[in-house]
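Enquirer: Got a sequence here, can you model it:
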Amino acid sequence: MEPEKVVLGIDTSCYTTSLAVMNMQGELLKDERKILSVKKGNCGLAQSEMVFQHTRNLPELFEKVSWKNYQVTAVAVTNQPRPLPDSYMPAFLTGLGLGKNLAKVLNVPLYTLSHQENHLDAGVWSAHGPKAEKFIMLHASGGTTDFLLATKKAQGRYSLEPIGASIDLHAGQFIDRVGVALGLQFPCGGFLEELASLAAKPLELPIWTKEGNISFSGPCTKATRLAAEGADKKALALGTEMAIGKTFAKGLAYLCKTKNIKDVLLVGGVSANHLIGKIVTEELTKQRCYVYIPKPQCCGDGAVGAAFYGLCQMRTNNDNW
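Expert: Residues are numbered from 1 along each chain as shown. Presented below is the predicted three-dimensional model:
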């Protein structure tokens with residue numbers, strides 16, 4: 001049997017080492033990930049530690065794939081956090097170096113994209129849209145909370161124009177700080193969601209938005225203080241999720257109205273939270289907007305978007321097609 005032609009995607013983000021294998025029909029064949037280890041009670045890692053763990057994790061992930069069954073026809077890898085000239089983070093150099101070497105040895109095309117574009121492509125692949133020429137993308141994670149106007153360009157690329165953001169904490173930081181204060185393991189998103197699902201009612205937290213900008217420092221300060229005072233953990237977890245969902249919904253509603261946009265894509269680890277997505281969807285539906293939410297595995301960090309991006313580039317350029 002002939003090996004199946006595939007595109008290999010690689011992503012080495014702040015907290016996850018990832019590789020993905022996608023065939024020429026756009027079917028995901030392999031999606032391997034390993035979350036970086038963070039000591040209990042800590043809220044992050046130094047870049048040097050990220051690089052060390054990615055270097056150790058990548059060989060482990062590659063060993064999980066039966067490469068004899070595949071013919072790699074292109075490699076796509078993330079090379080920076082955002083698609084900006086001065087966007088840089090050492091963690092991405094680990095995957096980029098490996099991707100360059102593999103493409104050279106295999107004599108196949110190498111495609112690079114930013115981590116933010118990787119999230120966009122994973123979202124579009126998983127949610128089957130948006131297909132509009134312009135839409136708003138909310139990228140919400142531990143390192144980013146950005147509202148971006150996405151505009152389709154040639155060759156399957158998008159321009160991403162910042163139109164709003166959190167002016168202080170990112171949504172993922174808010175979740176992690178509250179989670180750590182409640183004794184949960186970092187990163188806390190999944191654990192906080194599980195805890196919140198057990199609550200009878202939320203402890204309400206304040207929200208703040210101004211036009212396209214939002215803030216999480218106020219509710220985070222109140223939430224961590226309540227945690228220190230022994231507040232009900234389940235109710236506080238639910239209150240945190242609801243505060244984030246309401247804040248996102250209000251900010252997006254304003255931007256959709258002022259920019260005359262009807263399609264919204266949610267990406268990033270925070271977007272995997274069911275309640276947050278539900279709050280945003282219900283609010284924007286009132287404005288006759290459609291919210292695209294990827295499957296949870298395609299919200300958080302991974303290499304699916306890179307693999308899909310590489311496939312789209314091959315189709316456009318007729319490389320090894």
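Enquirer: low pLDDT regions in this structure?
Expert: Scanning the chain for pLDDT under 70 picks out 319-321.
Enquirer: Could I get the contacting residues of the most centrally placed residue in it?
Expert: Residue closest to the average C-alpha location in the chain (Cα atoms, centre = their mean): residue 268, at 2.5 Å. Applying Cβ atoms under 8 Å, 6 or more residues apart in numbering to residue 268 gives the contacts 119, 138, 139, 140, 141, 144, 171, 172, 299, 300. No exception for glycine: its C-beta is placed from N, CA and C like everyone else's.
Enquirer: Quick check: bridge partners of the fourth one?
Expert: Right, the one you point to is residue 140. residue 145 (DSSP bridges).
Enquirer: thinking in terms of the whole chain, how far from its middle is the longest helix anywhere in the chain?
Expert: Identified as the longest helix of the chain according to DSSP state H is helix 233-259. Its chain's average C-alpha position is 17 Å from that of helix 233-259, according to Cα atoms, centre = their mean, to the nearest Å.
Enquirer: Tell me the buried residues in it?
Expert: For helix 233-259, burial by neighbour count (16 or more other Cβ atoms under 10 Å) applies to 233-256, 259.
Enquirer: now stretch 83-97
Expert: 83, 89, 91, 92, 93, 94, 95, 96.
Enquirer: what do you get for stretch 291-303?
Expert: Applying 16+ other Cβ under 10 Å to stretch 291-303 flags 291, 292, 293, 294, 298, 299, 300, 301, 302, 303 as buried.
Enquirer: In terms of helix, strand or coil, where does the fourth one fall?
Expert: Three states are possible here, and by DSSP: H, G, I helix; E, B strand; the rest coil the one that applies to residue 294 is coil.
Enquirer: wait, isn't it in contact with residue 126?
Expert: Yes - under the criterion of Cβ atoms under 8 Å, residue 294 makes contact with residue 126 at 3.6 Å.
Enquirer: Which neighbouring elements make contact with the host helix or strand of residue 20?
Expert: Using DSSP states H and E, residue 20 falls within strand 16-23. Helices and strands touching strand 16-23, by 3 or more Cβ pairs under 8 Å, 6 or more residues apart in numbering; DSSP states H and E, are strand 4-12, strand 28-35, helix 47-63, helix 304-317.
Enquirer: Which one of the ones you listed lies nearest to residue 178?
Expert: Closest of those to residue 178 is strand 28-35, at 19.4 Å (criterion: Cβ to Cβ).
Enquirer: What strands line up against the closest one, and which way round?
Expert: Sheet pairing for strand 28-35, using DSSP bridges, gives strand 16-23 (antiparallel).
Enquirer: Just the ones in helices from the buried residues of stretch 83-97, please.
Expert: Those of the buried residues of stretch 83-97 lying in helices (DSSP H): 91, 92, 93, 94, 95, 96.
Enquirer: Among these, which one lies nearest to residue 20?
Expert: Once Cβ to Cβ is applied, the member of those that ends up nearest residue 20 is residue 95, at 11.8 Å.
Enquirer: Surely the closest one and residue 76 touch.
Expert: No - using Cβ under 8 Å, residue 95 is not in contact with residue 76; the gap is 10.4 Å.
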